[in-house]
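Colleague: Mind folding the following:
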Amino acid sequence: MKQILVLLCFPLFSLAQAPKAVGPVPNATQLAWHEKEFYLFMHFGPNTFTGKEWGEGKENPDEFNPSNLDCKQWARIAKQAGAKGIIITAKHHDGFCLWPSKYSKHTVRESKWKNGKGDVLRELADACKAVGIEMGVYISPWDRNHPSYGTPTYNDVFINMMKELFQNYGPFFELWWDGANGEGPNGKKQVYDFNRFEKVAFQLQPNLIIFSDIGPSIRWCGNENGIIGNTNWNLLDTAGFKRGEGAPSTDTLNSGNRNGQHWMPAEADVSIRPGWFYRPEEDSKVKTAPQLFDLYTKSVGNGGNLLLNVPPDRNGLIHPIDSAALMQFKLMRDKAFANNLLSKASIKDHLNKPVMSLLDGNTQTYWTGNGKNPALLIQFAETTDLNCLVLEEFLNFGQRIGGFVVENWNGKHYETLATATTMGRKKILRFPLTEAKQIRIRFTDLKATPLVRSISGYRVPF
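Modeller: Purely as a prediction, here's the structure:
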């Protein structure tokens, strides 16, 4: 009898041949990235003290002088907010390095902060490790200070800086590049050797995620509003495109390419404040928890990840207003998704077969919608009020679902509750509060047999 029970506990797909992959598929590092969902960006440097968004590289290093830097506070708040990591602007366009780089004379070493003995990256790396979150770095190729910028020598400088970062402060969960390419102190622009940059970065850390307009690991979502569209393919064509001015259109970056040649999911970056660096005059303009929750549903809830910028203030601390918004945002997420109303429901597929894997909490089990017109039928034991469904596609074998409809049985016929295009890593569907006894999920656009790993339902109170 025990042997029979053991067999019944195995997911059905394990007894059959694995599905055939469709199109590009994510590697293990990308799959792990998909699960992170939410982490913090931290813009910090001379701009924090000058009030500028883009420094000119001519700033006196003494401008950088946080009075009470506490990276432990950053990491603790990030952890409490449910963020999985922190990406720090190790070097922004002004060229100022938050670590004492051997390859620049525009660093914390030249500042009066801690008498030139300070190292923000060291403190942050130690703080993240202590609380159990990950660390990433933004390092701008544009450098408005370095004398070799605009010459072939600068590419060597940039690579040496990357080596310092990875060898002294890594490993990192993400390396963040933007496409900014302006003039340096000599009036020249740099021809970036990104192919070489990528090669060295992956040599230093093979399991790295690299962000840019065209990856190679993940892509920009096409805006800085934190919003990914309802249609979000984790695929992108990059041939013929470049970072920055030569990037794909913002619409394409937002939606991806249905038949793109590379697995390249979208990351949505947005600041909790109007600007990216701290300014005291913006203390009254910090995004509220409801605004952050809305952004979460429109980024993570459309299959991407949310990178929320929370810039430290001139003391070197996350401001109390920002911290309060983050804590309230966490409480809203916890309250919204605390009670899965589907936990006691029964789910069957279009062949009238029970589907247990969608409710088992196991991210490695999934339902395979074989046959014509695949659908899922959710049956509640009693009438249940809900206004949100969260659906997750199993992505290991490619992204397959291009459209589906959620319908409620009103006793006579099905009424549409919500329609969606792609499902992806996570789709958060909101709709008016509905009395439901039976809900049907009908797939209307498929590249291949749908694979779904989880469905849950909620009555979100806001």
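Colleague: and this protein, what are its domains?
Modeller: Structurally, the chain divides into domains by automatic domain parsing as follows: 28-336, 340-458.
Colleague: quick one, which of the ones you listed is packed in tightest?
Modeller: domain 28-336 (a mean of 19; mean count of other C-beta atoms under 10 Å). Bear in mind the C-beta positions are built from the backbone N, C-alpha and C, glycine included.
Colleague: which one of the domains of the chain lies closest to A21?
Modeller: domain 340-458 (4.7 Å; C-beta to C-beta).
Colleague: export the domains of the chain to a markdown table and tack on mean pLDDT?
Modeller: Shown next, in a markdown table, are these (pLDDT from 0 to 100):
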| stretch | mean pLDDT |
| --- | --- |
| domain 28-336 | 97 |
| domain 340-458 | 96 |
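Colleague: Take those domains and write them to JSON lines, including distance to P19.
Modeller: As requested, the domains of the chain are arranged in JSON lines below (distance: least, C-beta to C-beta, whole Å):
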{"stretch": "domain 28-336", "distance to P19": "16"}
{"stretch": "domain 340-458", "distance to P19": "5"}
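Colleague: do you know which of the ones you listed lies nearest K20?
Modeller: So among the domains of the chain, domain 340-458 is nearest, using C-beta to C-beta, at 7.2 Å.
Colleague: Now the most centrally placed residue in the chain: closest residue in space that isn't a chain neighbour?
Modeller: Geometric centre of the chain, nearest residue: N305, 2.4 Å, by C-alpha atoms, centre = their mean. Counting by C-beta to C-beta, 6 or more residues apart in numbering, N305 lies nearest to E267, which is 5.0 Å off, once chain neighbours are set aside.
Colleague: Got the confidence number for V6?
Modeller: Predicted confidence (pLDDT) at V6: the value is 34.
Colleague: Which helix or strand contains I455?
Modeller: I455 is part of strand 451-458 when elements are defined by DSSP states H and E.
Colleague: circling back: list of residues touching the helix or strand that contains the residue nearest to N305?
Modeller: Here E267 sits within strand 266-271, counting by DSSP H and E. Here strand 266-271 makes contact (C-beta atoms under 8 Å, 6 or more residues apart in numbering) with 41, 43, 211, 218-228, 232, 234, 253-254, 256, 295, 298-299, 303-309, 311.
Colleague: ok, which stretches of the stretch 151-300 of the chain are strands?
Modeller: Counting by DSSP state E, counting those that start in this stretch, the stretch 151-300 of the chain has strands at residues 175-176, 210-212, 218-220, 235-236, 262-263, 266-271.
Colleague: part of a helix, is A418?
Modeller: No - counting by DSSP: H, G, I helix; E, B strand; the rest coil, A418 falls outside a helix, being strand.
Colleague: which residues does it contact?
Modeller: Per C-beta under 8 Å, 6+ apart, neighbours of A418: L389, V405, V406, L429, R430, F431.
Colleague: quick check, nearest of those to W33?
Modeller: Closest to W33, out of all of those and judged by C-beta to C-beta, is L429, at 23.2 Å.
Colleague: Over to the closest one: give its phi and psi.
Modeller: Backbone torsions of L429, given as degrees, to the nearest 10, read phi -100, psi 120.
Colleague: I'd say it and M423 touch.
Modeller: No - if you go by C-beta atoms under 8 Å, L429 and M423 don't touch, sitting 9.6 Å apart.
Colleague: Can you tell me how far P24 is from P265?
Modeller: Plainly put, P24 is 11 Å away from P265 if you go by C-beta to C-beta, to the nearest Å.
Colleague: With E435 instead?
Modeller: 36 Å.
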